[in-house]
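S.K.: model the following, please.
(chains A and B, ligands or ions: 2)
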There are 2 protein chains.
Amino acid sequence: PKDIGDADFANYFCTYGYLYHQKDMLEDQNRMTAYSDAVRLNPDSFRGKVVLDVGTGSGVLAMWAAQAGAKKVYAVEATHMAVQARKIVAANGLSDVVEVIQGSMEEVELPEKVDVIISEWMGYFLLRESMFDSVLCARDKWMKPGGAMFPSHAKMYLSAIKSNKSGQKYQELQESLNVWEDFVRNTHENYGIDLSCMNGEYEDEQKEHYLNTAAWVDIHPSQVMAKPFTLASFDLNTCSMDDIKVLRDVDFKLRLFDGLAGPSGETRVGAFAGWFDVTFAGSKENPCENPVELTTAPDANGATHWGQQAFYMFPEVYASDGHFISGKFDMVRRKENQRLYSVRMNWTQSDTDAGPPNESIGTRGIVWQIE
Amino acid sequence: PKDIGDADFANYFCTYGYLYHQKDMLEDQNRMTAYSDAVRLNPDSFRGKVVLDVGTGSGVLAMWAAQAGAKKVYAVEATHMAVQARKIVAANGLSDVVEVIQGSMEEVELPEKVDVIISEWMGYFLLRESMFDSVLCARDKWMKPGGAMFPSHAKMYLSAIKSNKSGQKYQELQESLNVWEDFVRNTHENYGIDLSCMNGEYEDEQKEHYLNTAAWVDIHPSQVMAKPFTLASFDLNTCSMDDIKVLRDVDFKLRLFDGLAGPSGETRVGAFAGWFDVTFAGSKENPCENPVELTTAPDANGATHWGQQAFYMFPEVYASDGHFISGKFDMVRRKENQRLYSVRMNWTQSDTDAGPPNESIGTRGIVWQIE
Ligand SMILES: Nc1ncnc2c1ncn2[C@@H]1O[C@H](CSCC[C@H](N)C(=O)O)[C@@H](O)[C@H]1O
Ligand SMILES: Nc1ncnc2c1ncn2[C@@H]1O[C@H](CSCC[C@H](N)C(=O)O)[C@@H](O)[C@H]1O
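M.R.: Ligands and ions are numbered 1, 2, ... in the order given. Model prediction:
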């Protein structure tokens, strides 16, 4: 539709127009179970209510709300998937309750205000895709006082993990720089053009790719080396756009578990890792009888489609059981694309909780792009 | 820069801003040798001349023109790579001749008209990326009468090839449809939503992906089953925008080689394949002493980075030695993205050159997207 910016369509919305991609989400059992339980186990939140589904995709959440007895469900979807959703709603006999509206949430007009907003808006490490904005925008414009958000709460976590990938990535970077060196030599010899003045630029470009990019990972719980630290906690019923736009100067502290270190007395931390969970608890005025949680934490049975994000450390951290890694965490939107984020962490190590940072290690800092 | 459309930047220009991608092109030896020979072996075309390099990237063609004695070279580049090109030009001591201008060719202003336009604008199957437009636009706006285009001529070829991929792709499609069937059953059972009304849409989406998408291939010459047919031939000194915008109703005819059929008397054709070549011959007024050719035809030593495009047939064609496959070929720009193309072929088989089409096989037609 016209009201989506062209670049935003090319960069972001494009894939959501394919059933293939909607299917990926519909196959994520943790995701599906959580949302379906949130609706099914809390019928009072839906019976007789007016509901808005922000980004309905295939229409699944809207249809569950209708099946739970909603009086009316407005299902808003920006992409062409809206046309499919309308057919699916009809095939499931729910057209009298679910009204699919094609358009971007920021611009559509609804005929009335709503009691409930349901939406599956979470991206990698919660905030990627910045669809949270559209949900808050919908809330501020269309929610009746006392209405309930589904989900109602979201939290972001940080921990430290065991991983060999850090060394591997560093190796790959070295190899790619060796290839470049050969390439520069050949280009000079064969074609009379000297590209060596780009050595630094190429190294920067490759470092960005190999070292300064966070990775989707499916962590086994045994890799987790410290009790997860809560970086951020959002109450969707009350938080503001300013609360979610950037996370800045968040102080974090991780205490390495006991029993990690080998005979050397030291253990190796390969990366920070981040994930999130959301809770369906309703609002103060309309609390859920049966709150439901959806977590994307490391799980021995395998990750949700969100996985976790790994932020590899270069070099790796060597520390002993019970040592502390503490520092500051920032997460800001990328200039070129507001739906993508940069994470920065600056940290120090110390032997005890109140102890001074280890001077010989000093303060370290890395920026990672979330792709 | 501001003058590139946002979506066009996201879809197209984005990757050219990376040295990594420029390197891929600079490592293509056939490409490099052809352009460097075209300049090196035709010094009269460059000595004392004013040259324009359309889309200079790393600046390589502009620098060769300068090294060959050009008086002035304007090197236009839309992306941030212009900044790198400027540094490379300086490091090669050519800043007094080569002037890098950042901007899109359609919008930049040059201080004078030029004698020569050099450009490496070719995409997959020649036309993909539609950068040919920018080159003709530059010619019409900035070329002096009698000036020369480098390259000066381009041709597109079609043949028929042996390949097992057709059956394989068909198999993959069937598997993906089976997976969908299970998925629809599970979604109904577990979550009470019936998606079977999307079976047809999903099949269409997957067919588009598996059957109606052309593939990059590196064909061995022994796979080629017929003398390549010349689909189009462009004289860059004279052709118009209309000549390159679409290819429509091009009659083609392929005669299968002798000695292909096995004991059954029949041979199996798995796909059409397309490729191109360009020639550096100068213009009528300023012909090259030593014309040079750059071909992307099947090569036992491996393909250029353009490879060839394979258009798989479903079902495959069975025919005998010396039989003819003839039909019509169309290549048009995609509505959603004018830099991408759809190819359509409609064809019949016949036993002899002048013979009637084989009625029992009839006319067949397929559309393929070039990605
Ligand atoms: N601002 C906006 N307006 C309308 N739709 C949006 C939007 N931002 C994202 N979307 C849509 O929201 C969907 C998010 S994916 C979730 C789909 C579906 N609710 C499910 O749970 O399976 C995508 O289909 C995307 O196109
Ligand atoms: N309309 C336009 N204006 C300016 N630059 C363009 C353009 N269309 C494409 N380009 C640039 O043209 C380049 C084509 S790739 C070729 C790069 C270089 N001449 C070489 O031969 O190695 C890309 O860097 C792309 O960004």
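S.K.: what residues does chain A put near ligand 1?
M.R.: Applying CB under 6 Å from any ligand atom, we find that chain A lies next to ligand 1 at A:13, A:16, A:25-26, A:55-58, A:60-61, A:76-79, A:81, A:104-106, A:120, A:131, A:134. Glycine gets a C-beta too; all of them are placed from N, C-alpha and C.
S.K.: in strands only, show me those residues.
M.R.: A:V76, A:E77 (DSSP state E).
S.K.: among the residues of chain A next to ligand 1, name the buried ones.
M.R.: Neighbour-count burial (16 or more other CB atoms under 10 Å in any protein chain shown) applied to those gives A:13, A:16, A:25-26, A:55-58, A:60-61, A:76-79, A:81, A:104-105, A:120, A:131, A:134.
S.K.: near chain B, which of these show up?
M.R.: A:L26, A:S58, A:V60 (CB under 8 Å from any CB of the partner chain).
S.K.: in chain A, what residue is nearest ligand 1?
M.R.: Of all residues in chain A, the one sitting closest to ligand 1 is A:G55 (2.0 Å; CB to the nearest ligand atom).
S.K.: that residue contacts A:E120, doesn't it?
M.R.: Yes: using CB atoms under 8 Å, A:G55 is in contact with A:E120, at 7.1 Å.
S.K.: list phi and psi for the residue of chain A closest to ligand 1.
M.R.: In terms of degrees, to the nearest 10, the main-chain angles of A:G55 are phi 80, psi 70.
S.K.: same question, the one 3 residues further on
M.R.: Dihedral angles phi and psi of A:S58 (degrees, to the nearest 10) take the values phi -70, psi -10.
S.K.: angles on the backbone of A:K144, please.
M.R.: phi -70, psi 150.
S.K.: so what's it closest to, chain neighbours aside?
M.R.: Distance criterion CB to CB, 6 or more residues apart in numbering or on different chains; nearest residue to A:K144, sequence neighbours excluded, is A:K113 at 4.7 Å.
S.K.: residues contacting that neighbour?
M.R.: For A:K113, the contact set (CB atoms under 8 Å, 6 or more residues apart in numbering or on different chains) comprises A:V50, A:W142, A:M143, A:K144, A:G147.
S.K.: buried members of the residues you listed into ChimeraX, please.
M.R.: A single ChimeraX command selects the buried members of those (16+ other CB under 10 Å):
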select /A:50,142,143,147
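S.K.: what about the contacts of A:K113, which are in strands?
M.R.: Per DSSP E, the contacts of A:K113 map to strands at A:V50, A:M143, A:K144, A:G147.
S.K.: does A:R248 count as helix, strand or coil?
M.R.: Secondary structure for A:R248, judged by DSSP: H, G, I helix; E, B strand; the rest coil, is strand.
S.K.: which residues are in contact with the residue of the stretch 151-300 of chain A at minimum distance from ligand 2?
M.R.: When scored by CB to the nearest ligand atom, the stretch 151-300 of chain A has A:I193 as its residue closest to ligand 2, at 10.1 Å. A:I193 makes contact with A:T187, B:V60, B:M63, B:W64, B:I88, B:N92, according to CB under 8 Å, 6+ apart.
S.K.: what score does it have for pLDDT?
M.R.: If you check A:I193, the pLDDT there is 98.
S.K.: which helix or which strand is home to it?
M.R.: For A:I193, there is no host helix or strand (DSSP states H and E).
S.K.: so how far is A:L110 from it?
M.R.: 60 Å (CB to CB, to the nearest Å).
S.K.: from the middle of its chain, how far away would the biggest helix by length in chain A be?
M.R.: Ranked by residue count, the top helix of chain A under DSSP state H comes out as helix A:165-191. Relative to its parent chain, helix A:165-191 has a centroid offset of 33 Å by CA atoms, centre = their mean, to the nearest Å.
S.K.: name the helices or strands packed onto the helix or strand that it is followed by?
M.R.: Following helix A:165-191 in sequence order, the next helix or strand is helix A:199-210 (DSSP H and E). Where contact means 3 or more CB pairs under 8 Å, 6 or more residues apart in numbering or on different chains; DSSP states H and E, helix A:199-210 is packed against helix A:165-191, helix B:19-26.
S.K.: residues making contact with helix A:199-210?
M.R.: So helix A:199-210 is in contact with A:169-170, A:172-173, A:176-177, A:180-181, A:184, A:369, B:18-20, B:23, B:84, B:87, going by CB under 8 Å, 6+ apart.
S.K.: after that helix comes which helix or strand?
M.R.: Using DSSP H and E, the helix or strand that follows helix A:199-210 in sequence is strand A:215-217.
S.K.: report the buried residues of that following strand.
M.R.: A:A215, A:V217.
S.K.: direction included, what does it pair up with?
M.R.: Note on strand A:215-217: by DSSP bridges, its sheet partners are strand A:308-319 (antiparallel).
S.K.: give me the distance from the strand it pairs with to the chain's centre.
M.R.: Worked out by CA atoms, centre = their mean, strand A:308-319 lies 19 Å from the chain centre.
S.K.: for that strand, what is the average pLDDT?
M.R.: 95.
S.K.: buried stuff in it?
M.R.: A:Q308, A:Q309, A:A310, A:F311, A:Y312, A:M313, A:F314, A:E316, A:V317, A:A319.
S.K.: ok, stretch A:162-182 next?
M.R.: Of all the residues in stretch A:162-182, those buried under the rule 16+ other CB under 10 Å are A:K162, A:S163, A:S166, A:K169, A:Y170, A:L173, A:S176, A:W180.
S.K.: now it: how far from the chain's centre is it?
M.R.: On the basis of CA atoms, centre = their mean, stretch A:162-182 is displaced by 27 Å from the centre of the chain it belongs to.
S.K.: and stretch A:137-153, by the same measure?
M.R.: 21 Å.
S.K.: what about that stretch, average pLDDT?
M.R.: 97.
S.K.: could you dump it to PDB, C-alpha only?
M.R.: Listed next in PDB are the C-alpha coordinates belonging to stretch A:137-153 (Å, rounded to 0.1, in the frame of the first residue of the first chain):
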ATOM      1  CA  CYS A 137       1.300   4.200  18.700                       C
ATOM      2  CA  ALA A 138      -1.800   2.000  18.300                       C
ATOM      3  CA  ARG A 139      -2.300   2.000  22.100                       C
ATOM      4  CA  ASP A 140      -2.000   5.700  22.500                       C
ATOM      5  CA  LYS A 141      -4.500   6.300  19.600                       C
ATOM      6  CA  TRP A 142      -7.000   3.500  19.900                       C
ATOM      7  CA  MET A 143      -7.000   2.000  23.400                       C
ATOM      8  CA  LYS A 144      -9.900   2.700  25.800                       C
ATOM      9  CA  PRO A 145      -8.800   3.700  29.300                       C
ATOM     10  CA  GLY A 146      -8.200   0.600  31.400                       C
ATOM     11  CA  GLY A 147      -7.800  -1.600  28.300                       C
ATOM     12  CA  ALA A 148      -5.300  -4.400  28.300                       C
ATOM     13  CA  MET A 149      -2.200  -5.100  26.200                       C
ATOM     14  CA  PHE A 150      -1.400  -8.700  25.000                       C
ATOM     15  CA  PRO A 151       1.500  -9.100  25.900                       C
ATOM     16  CA  SER A 152       1.500  -6.700  28.800                       C
ATOM     17  CA  HIS A 153       5.100  -6.900  29.900                       C
END
